[in-house]
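sequence and predicted structure below; questions after.
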Amino acid sequence: MRIAAAVLVVACALGLGVAAADENDDFLKLIERAAKTSNLMADGAAPFHMKLVAQSNRKDHPEYATEIEWWWSSAEKWRREVKTPGFTQTAVRNGTQYYESNSSEYLPWWLHELIAATTDPVPLEELRRADMDVHGACGKWESEYAKDGEKIGVSNQACVNPDGTVGQLFTRTLGAEFGNYQSFGGKRVAGTVKVWAVSPNEVTGTVTVLEKLKDADEKFQVVNDIGFGARVRFVSVAGDAVQLDQEKSRAVEWPVVHSFPAKGVMAVQVKLDREGNVREVGTIVSSNVALTDAAKQQIGQWKFKPYLQDGFPVEVNTTIAVPYATRMEMLGADGKALVPEPFIERMKKARALSDPRGEGGVPFHLTAKVELKSGATGSYEETWHSAAKWERRLVIGDAGVSQMCDGGKVTANFEGPASSRVLLQMILNEMDGRFPDRRYQVYEADWGQSVVQFDGKEMVRVARGQVDEKNQPIDGQAFWFDTQGLLHGAFEQATTAEYQDFEEWSGKRVPRRIKVTGKDGVLLTITIEKIEAVGGVTP
């Protein structure tokens, strides 16, 4: 019920901007040094022979067992062999000549990432464009995707180790973790590389051989020159760079949802083969996660126009913005005239209707009686002037606590046994109310809505978590609202607070009784005995 007082900290905007810019530049320089240090294929790098073996963390997925072997003399002279149960490749470049043999026309994305992360792991082009927010050893930024006036952000992150090597990359063009660095030819090379295939598979590669390249001229013989541009490869492009084949792609049919929002946009990672077919649907970031399964199934059937690079069709990694609009329907409504509303709006309405400390509240003095399951009783007293100025005191037996807020700064003084503090704070929390976020910054899609019976009345339940066989919540959180918007109950941490005996006061309908129950019955009852205006204000 209480609006939590906040301490406002004002800082010099110009100074913060300069500091942030300097920190961002320093971090980017660190990334650039790490990229130079770890790139085995940079100009002037020492020729090498490398072998890497990889497998999934799931023993029931042998399809990710991998061997990658390199013989590298220079950027224009190398050989790579890749072996997996589903894809094998031999690729040879020798000057202007290039040969490639593949067992399949499609190189999977996880395998592309594993190959790239082993020899040239840092996507510098993407990182240089990122507007990073640096926190310690990590730089974070968001990629924004928009469509039809809706937008959504996707988080990215790059982290470095204390020794200046790359630790993690979760970016649009590469996602990998690196470890067990070793020295080779003036470089620092990751001995282990982890990438993510189809969930929940984590594919970890281990470098088993890394040595100077010895006589290997026979490895670089090109038996049939197909041209370097014709090679199987991925390119990462913006979503608006690929063209959907409208005639061969059906619009997504969205299912009814039981949580908000019902209209928005999602960012969908897709991998296209050289003919424009969707071969993989990766991570989907949506403002309503309930729609991601439908999106994945149907977008996976889409067809795009082949994407050309240097005149050759290539595989494509991209993220597309997909708008959605559907119907929100509360479970159990069965056509009843109950209006669906976002959880945020329900919270705002409930506080406006019943919280004497909310917007439009007048200064008041309140006293209440407190009763515990043990039979112990106590008293609560509060004088409230504004969200930034109030005081209250709670006493239970020989334990007590006094709190005061002045100018937004809260001080507290506990009395009695230290063991009583948890109980005292729990009672104060019940006086504050149980809404999950007083700034109304909740993720709507987490909160399903249904019509249920509560306290003998038909109400709307907004909840996240599991229910038992009687449709009662057993974990998570739940809130019950009547048809006018009043909050009648709140469940959290295996207890339910029931708000009862509403009475009119100063334009509000204030609950005069709060009953907290658990699996063993009533744990706490708070009864408001008196609430009256103070400071000459007439309610």
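The structure has been received and is ready for your questions. Treat the numbers as computed from the prediction; the structure is a model and nothing was measured.

which non-adjacent residue is nearest residue 95?
Using C-beta to C-beta, 6 or more residues apart in numbering and skipping the chain neighbours, the partner closest in space to residue 95 is residue 76 (5.5 Å). C-betas here are computed from N, CA, C, even on glycine.

the one you found touches residue 97, doesn't it?
No - Residue 76 is beyond contact range of residue 97, at 9.6 Å (criterion: C-beta atoms under 8 Å).

neighbour count winner among the two?
Per other C-beta atoms under 10 Å, whichever of residue 76 and residue 97 has more neighbours is residue 97, with 17 against 13.

tell me the contacts of the more buried one?
222, 225 (C-beta atoms under 8 Å, 6 or more residues apart in numbering).

same check on residue 233?
Under the criterion of C-beta under 8 Å, 6+ apart, the neighbours of residue 233 are 107, 112, 314, 315.

give me the nearest residue to the last one, chain neighbours excluded.
Translated: residue 315. Using C-beta to C-beta, 6+ apart, the nearest residue to residue 315 is residue 234, at 4.6 Å.

residue 505 too?
Among residues not flanking residue 505 along the chain, residue 531 sits closest, at 5.7 Å (C-beta to C-beta, 6+ apart).

okay, now the sheet partners of whichever strand or helix holds the one you found, with direction.
In this structure, residue 531 sits in strand 521-533 according to DSSP states H and E. Strands that pair with strand 521-533, judged by DSSP bridges, come out as strand 364-372 (antiparallel), strand 508-518 (antiparallel).

that older thread, what's near enough to touch the residue nearest to residue 315?
Applying C-beta under 8 Å, 6+ apart, one finds that residue 234 lies in contact with 107, 109, 112, 271, 314, 315, 316, 317.

any idea how far stretch 237-250 is from the chain center?
Going by C-alpha atoms, centre = their mean, to the nearest Å, the spacing between the C-alpha centre of stretch 237-250 and its chain's C-alpha centre is 27 Å.

can you map out the strands along the stretch 151-300 of the chain?
Along the stretch 151-300 of the chain, counting by DSSP state E, counting those that start in this stretch, strands occupy 166-170, 175-179, 182-184, 187-189, 192-196, 202-212, 234-236, 263-272, 278-286.

most packed of the ones you listed?
strand 263-272 (a mean of 22; mean count of other C-beta atoms under 10 Å).

which strands and helices sit next to that strand?
Secondary-structure packing of strand 263-272 (3 or more C-beta pairs under 8 Å, 6 or more residues apart in numbering; DSSP states H and E): strand 138-147, strand 150-160, strand 278-286, helix 292-299, strand 312-325.

sorry, back to before: and residue 37, which of the strands paired with strand 521-533 is closest to it?
Among these, the nearest to residue 37 by C-beta to C-beta is strand 508-518 (57.5 Å).

just the C-alpha atoms of the closest one, please, in PDB.
Written as PDB, here are the backbone C-alpha positions of strand 508-518 (Å, rounded to 0.1, in the frame of the first residue of the first chain):
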ATOM      1  CA  LYS A 508     -10.800   5.700  -0.800                       C
ATOM      2  CA  ARG A 509     -12.200   2.300   0.100                       C
ATOM      3  CA  VAL A 510      -9.700   1.300   2.700                       C
ATOM      4  CA  PRO A 511      -9.500  -2.300   4.000                       C
ATOM      5  CA  ARG A 512      -9.800  -2.300   7.700                       C
ATOM      6  CA  ARG A 513      -8.700  -5.900   8.100                       C
ATOM      7  CA  ILE A 514      -5.700  -7.700   6.700                       C
ATOM      8  CA  LYS A 515      -5.600 -11.500   7.400                       C
ATOM      9  CA  VAL A 516      -2.500 -13.500   6.500                       C
ATOM     10  CA  THR A 517      -3.000 -17.200   6.200                       C
ATOM     11  CA  GLY A 518      -0.600 -20.200   5.500                       C
END
